[in-house]
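Novice: Fold the following, please.
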Amino acid sequence: MGDLGPWPDPPTVSASSLVKWDTCRRSYFWSSYWSWTGWERDAPRFRRLAYLLKKANSAYSVAGTYVHNEAIRLCQAAVNGGGLPDRDKAIDRVRRKMLDWAGQARTTTVDNATKARPLSIEVYYGEPLMVASATDNAVACMQNLWESEHVEYLAEATPKNIGPGEWATPILVLDEMSAVPIEVKGWRMELWAAPDLVYEGARGEVRLVDWKTGKERATDQAQLDVYALWCMERGTVAPDRAIRASDDYLQTGISRQDIPIADRALDRIEAMVVGLRKHVDKANKPNIEAERWPKLPEGSRECGWCEYRELCGRTR
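Specialist: Below you'll find the predicted structure:
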């Protein structure tokens with residue numbers, strides 16, 4: 001089969017890729033390497049399929065995206081003054097978007113899927129499209145979002161004067177996806193992240209917020225660690241500055257407060273790099289034999305919702 005290049009250079013790392021690495025090396029391979037360049041018009045079919053599966057969504061993930069979009073509008077309105085957006089109108093907007101998405105999802109295939117029109121995991125694998133329950137979950141999340149302590153604080157905080165006619169809001173980052181270069185054990189990498197909200201608190205501390213529209217997961221704390229590392233490497237937060245983080249579960253209204261540890265995220269990345277060196281050479285060319293990348297045992301719970309189960313021969 002040859003090299004089958006090109007491959008990502010420099011390699012990238014994110015909170016989600018770390019979860020894939022820790023959970024299933026085969027899934028990590030499909031996502032980080034096999035799907036690379038699958039967006040190109042003349043990409044080989046195996047790469048295009050892997051890319052489309054990587055970008056595929058579900059009713060719950062789409063509903064979560066719509067809730068996050070409303071959270072951005074809400075935070076922007078809070079710091080701009082003039083009152084918060086009407087919650088009922090925002091909920092109606094999400095309901096309409098979910099119905100529109102469902103209609104498109106049912107007619108999207110490998111042949112007509114694009115970046116703007118991704119595959120639906122449920123439709124692709126012949127599973128029920130959980131539009132009604134996902135929409136109900138989004139509505140519950142938005143009910144709690146409007147009651148968020150963070151939104152209340154942003155609405156009441158006084159902008160700082162930073163120069164003649166210039167004012168700064170407390171917001172440092174608002175759902176901004178970007179990469180920062182890092183070097184780990186001699187490897188140049190790009191650390192990608194998009195924290196939901198980072199702002200300056202009343203006591204000068206940095207508040208890092210991750211809004212969750214799903215259930216609590218064991219990996220949620222590790223995601224906050226990655227965000228803290230990204231903020232420091234990016235220069236948004238000085239290394240000696242205190243960070244208070246929270247996972248806010250909008251479905252239930254529960255907020256889990258924590259102190260993120262950037263070094264803990266760096267330790268995980270270093271462990272991943274050590275493992276990657278067994279599969280990837282110095283030129284970042286991976287071992288292209290998928291069987292060399294271990295997969296979970298047959299019947300593993302995680303395989304049931306993995307987007308790559310067809311590539312692993314695990315379809316039901």
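
Novice: Could you use CA atoms for every contact and neighbour count after this?
Specialist: OK.

Novice: which stretches of the stretch 51-200 of the chain have low pLDDT?
Specialist: By pLDDT under 70, the weakly predicted segments of the stretch 51-200 of the chain are 158, 160-167.

Novice: all strands of it, in order?
Specialist: 160-163, 166-168, 171-174, 178-184, 187-193, 197-200 (DSSP state E, counting those that start in this stretch).

Novice: JSON lines please, covering those strands and showing mean neighbour count and distance to residue 19.
Specialist: Compiled in JSON lines, the strands of the stretch 51-200 of the chain are given as follows (neighbours: other C-alpha atoms under 10 Å; distance: least, C-alpha to C-alpha, whole Å):
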{"stretch": "strand 160-163", "mean neighbour count": "10", "distance to residue 19": "38"}
{"stretch": "strand 166-168", "mean neighbour count": "11", "distance to residue 19": "35"}
{"stretch": "strand 171-174", "mean neighbour count": "17", "distance to residue 19": "23"}
{"stretch": "strand 178-184", "mean neighbour count": "15", "distance to residue 19": "18"}
{"stretch": "strand 187-193", "mean neighbour count": "19", "distance to residue 19": "13"}
{"stretch": "strand 197-200", "mean neighbour count": "21", "distance to residue 19": "21"}
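
Novice: and residue 33, which of those is closest to it?
Specialist: Among the strands of the stretch 51-200 of the chain, strand 187-193 comes nearest to residue 33, with 14.4 Å by C-alpha to C-alpha.

Novice: Mind listing residues that contact the closest one?
Specialist: Defining contact as C-alpha atoms under 8 Å, 6 or more residues apart in numbering, one finds that strand 187-193 is touched by 10-15, 176-183, 226-227, 230, 273.

Novice: on that earlier part again, in a markdown table, list the strands of the stretch 51-200 of the chain along with distance to residue 77.
Specialist: Below are these laid out as a markdown table (distance: least, C-alpha to C-alpha, whole Å):
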| stretch | distance to residue 77 |
| --- | --- |
| strand 160-163 | 17 |
| strand 166-168 | 14 |
| strand 171-174 | 12 |
| strand 178-184 | 23 |
| strand 187-193 | 24 |
| strand 197-200 | 14 |
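
Novice: out of those, which comes closest to residue 37?
Specialist: Closest approach to residue 37 among these (C-alpha to C-alpha): strand 187-193, 17.1 Å.

Novice: strand partners of the closest one, parallel vs antiparallel please.
Specialist: Here strand 187-193 is paired, per DSSP bridges, with strand 12-13 (parallel), strand 178-184 (antiparallel).

Novice: so can I have TSV of the ones you listed showing distance to residue 212?
Specialist: Below are the strands paired with strand 187-193 laid out as TSV (distance: least, C-alpha to C-alpha, whole Å):
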stretch	distance to residue 212
strand 12-13	21
strand 178-184	20
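
Novice: so which of those strands gets nearest residue 287?
Specialist: Here strand 12-13 is closest among those (C-alpha to C-alpha), at 17.0 Å.

Novice: So for the very next helix or strand once past that closest one, mean pLDDT?
Specialist: Downstream of strand 12-13, the next assigned helix or strand under DSSP states H and E is helix 15-23. For helix 15-23, mean pLDDT is 92.

Novice: Please name every helix or strand in contact with helix 15-23.
Specialist: Using 3 or more C-alpha pairs under 8 Å, 6 or more residues apart in numbering; DSSP states H and E, the elements in contact with helix 15-23 are helix 25-29, helix 220-234, helix 262-276.

Novice: Which of the residues in the biggest helix by length in the chain are classified as buried?
Specialist: The longest helix of the chain (DSSP state H) is helix 59-80. For helix 59-80, the neighbour count (16 or more other C-alpha atoms under 10 Å) marks 59-60, 62-64, 66-68, 70-71, 74-79 as buried.
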